[in-house]
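> need coordinates for the following:
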Amino acid sequence: MTDVRHTIVTTAAPRTLYALLADTALWPVNFSPTVHVEQLERPEGDGGTERIRIWALAGDTVKAWTSRRELDPEGLRIGFRQEVSQPPVASMSGAWRLRALPDGGTEITLDHGYRAVGDDPAALAWIAEVTDRNSRAELANLKSLSERAAAQPAHRLTFEDTVLVEGGRADDAYAFLHEASRWPDRLPHVSRMDLVEDETGVQVMEMDSITAAGDRHTTKSVRVCFAGERIVYKQTVVPPLLAAHTGEWRVTAVDGGVAITSQHTVVIAPEAVAGVLGDTATVADALEFARTALTGNSRITLEHARAFAQGDPALALGD
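Prediction:
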């Protein structure tokens, strides 16, 4: 095993930090390397064992693994061990430890122990580089988040839109959302799409869209696809106004047809508000601005997905 340790000091209290580490549902918006987390088994109380499935950026690739976590709120410790690792990682384990400091702050320690498949030196070097980069990013994110934890909920907004496909098939609605490579032919606001799916169900995409004002806007995202049901995504390059943006497309069978839902979660970068929206703009203004812009494009996509699922050739462009 190769053992490595990363530490950082923050003015935030240990309990604040522990809460951020324990809440895996918000990891995609809180930690830059994390794309998506699925809760497989939940602990019965605040402590105990849980199992999660994680998709995360590892250099230029996306890796997924299943981890078992041991939650110890009294000891301010969360241990983890990958049950199923992805090559070149043969095994990975470690722990988050929080130590209260006399001034009320906290020392955060993140330990990792890992092995490479076949103990290959090149693989070990790659794991070391990715572990170091992601650990530093996560610790920096955690320090920043914890030190402004009281204000963080006011910077974050989750919202969604839904359309009903009367008599449509869920498979058709999902196919429209999944086949994003065809969006330039099917959606009027998408002018370019580069999509790579090296691993089934994990899409890396770069898209050019046209705003209502006629400006071209480029986004980069990673999408994790759950066949026939939903597609979750995270923007890996966000516009200046945002600190994070994640989302989800859901297809649900309902009485009389199919419901298609678009959900967004955005986090505003408060230091960028004045530069983007003007000196008098507030975080609340920025949240409303982001909501209006994202809802506009989502509604266009939802309406065309509905038309496609209903077999309307006039609106299901390119099919």
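> Ala140 is in what secondary structure piece?
helix 121-147 (DSSP states H and E).
> isn't Asp111 up against Ala95?
Yes - contact criterion CB atoms under 8 Å: Asp111 and Ala95 qualify, at 5.1 Å. Using the backbone N, CA and C atoms, a C-beta is placed for each residue, glycine as well.
> ok, residues contacting whatever helix or strand Lys234 lives in?
Applying DSSP H and E as the criterion places Lys234 in strand 230-237. Residues outside strand 230-237 that contact it (CB atoms under 8 Å, 6 or more residues apart in numbering): 28, 34-36, 57, 177-178, 218-226, 242, 244-251.
> check stretch 118-130 too.
The contact list for stretch 118-130, computed with CB under 8 Å, 6+ apart, reads 2, 4, 58-59, 87-90, 114, 116-117.
> for Ala167, give its distance to Cys225.
Careful, residue 167 is Gly; it's not Ala. Shown here: Gly167 relative to Cys225, a distance of 25 Å by CB to CB, to the nearest Å.
> just the buried members of the contacts of stretch 118-130?
Buried subset of the contacts of stretch 118-130 (neighbour count, 16 or more other CB atoms under 10 Å): 58, 88-90, 114, 116.
> tell me, how many neighbours does Arg250 end up with?
As a burial measure, Arg250 scores 19 neighbours (other CB atoms under 10 Å).
> figure out the helix or strand that it lives in.
Residue-wise, Arg250 maps onto strand 242-254 under DSSP H and E.
> how much distance is there from that strand to the middle of the chain?
Its chain's C-alpha centre and that of strand 242-254 lie 10 Å apart, by CA atoms, centre = their mean, to the nearest Å.
> report the buried residues of that strand.
The neighbour-count check on strand 242-254 (16+ other CB under 10 Å) flags 242-251 as buried.
> re the thing from before, for the contacts of stretch 118-130, work out which two are farthest apart.
Val4 and Pro87 (19.4 Å; CB to CB).
> related to what we said a few turns ago, more neighbours: Gly167 and Cys225, which one.
Shown here are Gly167 and Cys225; by other CB under 10 Å, Cys225 has more neighbours (20 against 11).
> what residues sit buried inside the helix or strand where that one lies?
Here Cys225 sits within strand 216-226, counting by DSSP H and E. For strand 216-226, the buried set under the neighbour-count rule, 16+ other CB under 10 Å, comprises 219, 221-225.
> now flag whichever of those residues is closest to Arg42.
Of all the buried residues of strand 216-226, Val224 has the smallest distance to Arg42: 20.1 Å, by CB to CB.
> pretty sure that closest one is touching His36, no?
Yes - Val224 lies in contact with His36 (CB under 8 Å); the separation is 4.9 Å.
> which residues do the two both contact?
Here Val224 and His36 have 55, 232 as joint contacts, going by CB under 8 Å, 6+ apart.
> contacting residues for Ala213?
Contacts of Ala213 (CB under 8 Å, 6+ apart): none.
> next: Arg156.
Contacts of Arg156 (CB under 8 Å, 6+ apart): 29, 265-268.
> beta partners of it?
Beta-bridge pairing for Arg156 (DSSP bridges): Val267.
> picking that back up, dump the buried ones among the contacts of stretch 118-130 into a markdown table; add secondary structure, distance to Arg15 and pLDDT as well.
Below are the buried ones among the contacts of stretch 118-130 laid out as a markdown table (DSSP: H, G, I helix; E, B strand; the rest coil; distance: CB to CB, whole Å; pLDDT from 0 to 100):
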| residue | secondary structure | distance to Arg15 | pLDDT |
| --- | --- | --- | --- |
| Ala58 | strand | 31 | 88 |
| Pro88 | coil | 37 | 95 |
| Val89 | strand | 32 | 95 |
| Ala90 | strand | 35 | 95 |
| Tyr114 | strand | 29 | 97 |
| Ala116 | strand | 36 | 96 |
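> relative to Pro14, how far out is Asp185?
In terms of CB to CB, Asp185 sits 53 Å off from Pro14.
> pull the residues that contact whichever helix or strand Val35 is part of.
Assigned by DSSP H and E, Val35 belongs to strand 34-41. Identification of contacts with strand 34-41 by CB under 8 Å, 6+ apart yields 24-25, 27-28, 49-57, 62, 66, 222, 224, 232-234, 246.
> repeat the analysis, applying 7 Å as the threshold.
Contacts to strand 34-41, defined as CB atoms under 7 Å, 6 or more residues apart in numbering, come from residues 24-25, 27-28, 50-57, 62, 66, 222, 224, 232, 234.
> may I have that strand as CSV, with CA atoms only?
Once non-C-alpha atoms are left out, strand 34-41 reads as follows in CSV (Å, rounded to 0.1, in the frame of the first residue of the first chain):
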residue,chain,number,x,y,z
THR,A,34,-17.4,14.9,-7.9
VAL,A,35,-19.9,14.4,-10.7
HIS,A,36,-22.6,12.4,-9.1
VAL,A,37,-23.3,10.3,-6.0
GLU,A,38,-25.9,7.5,-5.6
GLN,A,39,-26.9,6.4,-2.1
LEU,A,40,-27.0,2.6,-2.1
GLU,A,41,-27.4,1.9,1.6
